[in-house]
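Q: Give me a 3D structure for the following:
(chains A, B, C, D, E and F)
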6 protein chains.
Amino acid sequence: MPVIKVELMSKSTKEQKEKLIFDLTKKTYDLLNIPPEKISVVIQEVGNESWGRGGFTRNHPDFDTLSRKHQM
Amino acid sequence: MPVIKVELMSKSTKEQKEKLIFDLTKKTYDLLNIPPEKISVVIQEVGNESWGRGGFTRNHPDFDTLSRKHQM
Amino acid sequence: MPVIKVELMSKSTKEQKEKLIFDLTKKTYDLLNIPPEKISVVIQEVGNESWGRGGFTRNHPDFDTLSRKHQM
Amino acid sequence: MPVIKVELMSKSTKEQKEKLIFDLTKKTYDLLNIPPEKISVVIQEVGNESWGRGGFTRNHPDFDTLSRKHQM
Amino acid sequence: MPVIKVELMSKSTKEQKEKLIFDLTKKTYDLLNIPPEKISVVIQEVGNESWGRGGFTRNHPDFDTLSRKHQM
Amino acid sequence: MPVIKVELMSKSTKEQKEKLIFDLTKKTYDLLNIPPEKISVVIQEVGNESWGRGGFTRNHPDFDTLSRKHQM
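A: Residues are numbered from 1 along each chain as shown, chains lettered A, B, ... in the order given. Predicted structure coming up:
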């Protein structure tokens, strides 16, 4: 421990994942002074069909408008 | 927040996921009076080989009987 | 409940998953005296590209050395 | 399965939790036709100090403004 | 990795947690031949008020009957 | 989304949590170019009694030695 779990909606490239794992580990190490060998990062990608906000799935054509509502 | 995570064993259709995301968001909004734009729903599908109850995986031919035992 | 979630980095065979689900359920049943029908096990496999320790992803050629550092 | 996990930032009353567990189960049952006895709901409350959006913790006095930024 | 996360509804004693952590690690080590130093176990206890099955919270007086229904 | 979940074994101060939430959000924003308002961070602290590695709980007096074994 610590275990950092990142749920991402978009597809990331191999390089982005490598950089994200390095940067999040480095920041946690710098701040909490925990040896990096004890810090794990797990990235989990979620398809647009399987994630939603405001009641609408990410792949809905009007997602940006519909997902920003204050009422339903 | 809130984040609602649904772990499902079966394959759901696109329409079922859309409806589930809408309905769970609506119920949470109705009950807790939190703006829908702040409510996220994440659906995670788990293969039958990777989930089990009572010690037996979901794809075991006798799953329904074996998974309902009170002893092992 | 209980729900036992196992995050695994490597690919496991069907037989390994069956055995792991049975063994983890049996141990929990033996120890906590909870009927096996109430114990679920979920296995989640994480690709080498999506998991890292010490700041380096599992598929880095020098992972075993780089991931065992005390500083960054 | 399915297991529905709800991460909530605010403190909810006992009655709200009961109602949320009932309503989310009912909606999942109605939609996916899974026997209710197989549907679990777990509610996890997260303190304002331990949750943040846009880089700011929920208990920051200007959270509503600061957490809605498009840049950092 | 692997990380084994156990969500438990009941309060467990210190000794039970120690034994559960040891037993689940040992079984995973025996089966998957992963060095024990790489195997983490996290136990998360969920209050009876915050967990439900079949639409009813664990602390409902008729939980055992109500949570075993096939309809709602 | 993204949701960054950090499981920490130790008690962190309010300031450390604030800084960790800010820094992890900033790094994710810098790298993936996602508006910070869409990035959530959840910190979950796990007691020493409820977490273990190598088969031993964190509060075991010889944890550092016992948790670094290659056999059991």
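
Q: contacts, neighbours, all on C-alpha from now
A: OK.

Q: Give me the mean pLDDT for stretch A:47-54.
A: Taken as a whole, stretch A:47-54 has a mean pLDDT of 93.

Q: Show the end-to-end separation of it, please.
A: 17 Å (CA to CA, to the nearest Å).

Q: which one is A:Ile34 nearest to, not counting chain neighbours?
A: A:Thr28 (7.5 Å; CA to CA, 6 or more residues apart in numbering or on different chains).

Q: What residues of whatever helix or strand that neighbour lives in count as buried?
A: Secondary structure from DSSP states H and E places A:Thr28 in helix A:14-32. By 16 or more other CA atoms under 10 Å in any protein chain shown, the buried positions in helix A:14-32 come out as A:17-29.

Q: relative orientation of it and helix F:14-32 in degrees?
A: Here helix A:14-32 points in a direction 160 degrees away from that of helix F:14-32 (axes from the mean of the first three to the mean of the last three CA atoms, to 10 degrees).

Q: is chain C contacted by the helix or strand following helix A:14-32?
A: Of the helices and strands lying after helix A:14-32 in sequence (DSSP H and E), the nearest is strand A:40-45. Yes: for strand A:40-45, a contact with chain C is found by CA under 8 Å from any CA of the partner chain, at A:Ser40, A:Val41, A:Val42, A:Ile43, A:Gln44.

Q: Verify the stated contact: the second one with A:Ile21.
A: Yes: counting by CA atoms under 8 Å, A:Val41 does reach A:Ile21; the two are 6.0 Å apart.

Q: Identify the contacts common to those two.
A: The contact sets of A:Val41 and A:Ile21 overlap at C:Trp51, C:Gly52, C:Gly55 (CA atoms under 8 Å, 6 or more residues apart in numbering or on different chains).

Q: Could you point out which of these is nearest to chain D?
A: C:Gly55 (21.6 Å; CA to the nearest CA).

Q: need the contact list for the closest residue to that closest one other than its chain neighbours.
A: With CA to CA, 6+ apart as the criterion, C:Gly55 has its nearest non-adjacent residue at 4.0 Å, and that residue is A:Phe22. By CA under 8 Å, 6+ apart, A:Phe22 lies in contact with C:Gly54, C:Gly55, C:Phe56.

Q: Can you check the pLDDT for A:Phe22?
A: Listed pLDDT for A:Phe22 reads 97.

Q: and if you look at A:Thr65?
A: 91.

Q: mind checking the SS state of it?
A: Judged by DSSP: H, G, I helix; E, B strand; the rest coil, the three-state class of A:Thr65 is helix.

Q: Would you mind measuring from it to chain F?
A: The gap separating A:Thr65 from chain F is 14 Å, by CA to the nearest CA, to the nearest Å.

Q: can you count the residues close to that residue?
A: Using other CA atoms under 10 Å in any protein chain shown, A:Thr65 is surrounded by 11 other residues.

Q: Okay, it and chain D: tell me how far apart.
A: 16 Å.

Q: For A:Gln16, give me its contacts.
A: F:Leu31, F:Leu32.

Q: and it, what pLDDT?
A: Predicted confidence (pLDDT) for A:Gln16: 95.

Q: my guess is the residue nearest to A:Ile34 contacts F:Leu20, does it?
A: Yes: using CA under 8 Å, A:Thr28 is in contact with F:Leu20, at 6.9 Å.

Q: Export the helix holding A:Thr28 to PDB, keeping only CA atoms.
A: Extracted C-alpha coordinates of helix A:14-32, given in PDB (Å, rounded to 0.1, in the frame of the first residue of the first chain):
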ATOM      1  CA  LYS A  14       0.700   2.900 -23.700                       C
ATOM      2  CA  GLU A  15       2.900   6.000 -23.200                       C
ATOM      3  CA  GLN A  16       0.100   7.900 -21.400                       C
ATOM      4  CA  LYS A  17      -0.400   5.000 -19.000                       C
ATOM      5  CA  GLU A  18       3.300   4.700 -18.400                       C
ATOM      6  CA  LYS A  19       3.500   8.500 -17.700                       C
ATOM      7  CA  LEU A  20       0.400   8.500 -15.500                       C
ATOM      8  CA  ILE A  21       1.700   5.600 -13.400                       C
ATOM      9  CA  PHE A  22       5.100   7.300 -13.000                       C
ATOM     10  CA  ASP A  23       3.700  10.800 -12.200                       C
ATOM     11  CA  LEU A  24       1.000   9.600  -9.700                       C
ATOM     12  CA  THR A  25       3.600   7.400  -7.900                       C
ATOM     13  CA  LYS A  26       6.100  10.300  -7.800                       C
ATOM     14  CA  LYS A  27       3.600  12.800  -6.400                       C
ATOM     15  CA  THR A  28       2.500  10.300  -3.700                       C
ATOM     16  CA  TYR A  29       6.100   9.500  -2.800                       C
ATOM     17  CA  ASP A  30       7.100  13.200  -2.700                       C
ATOM     18  CA  LEU A  31       4.100  14.100  -0.400                       C
ATOM     19  CA  LEU A  32       3.800  11.100   1.900                       C
END
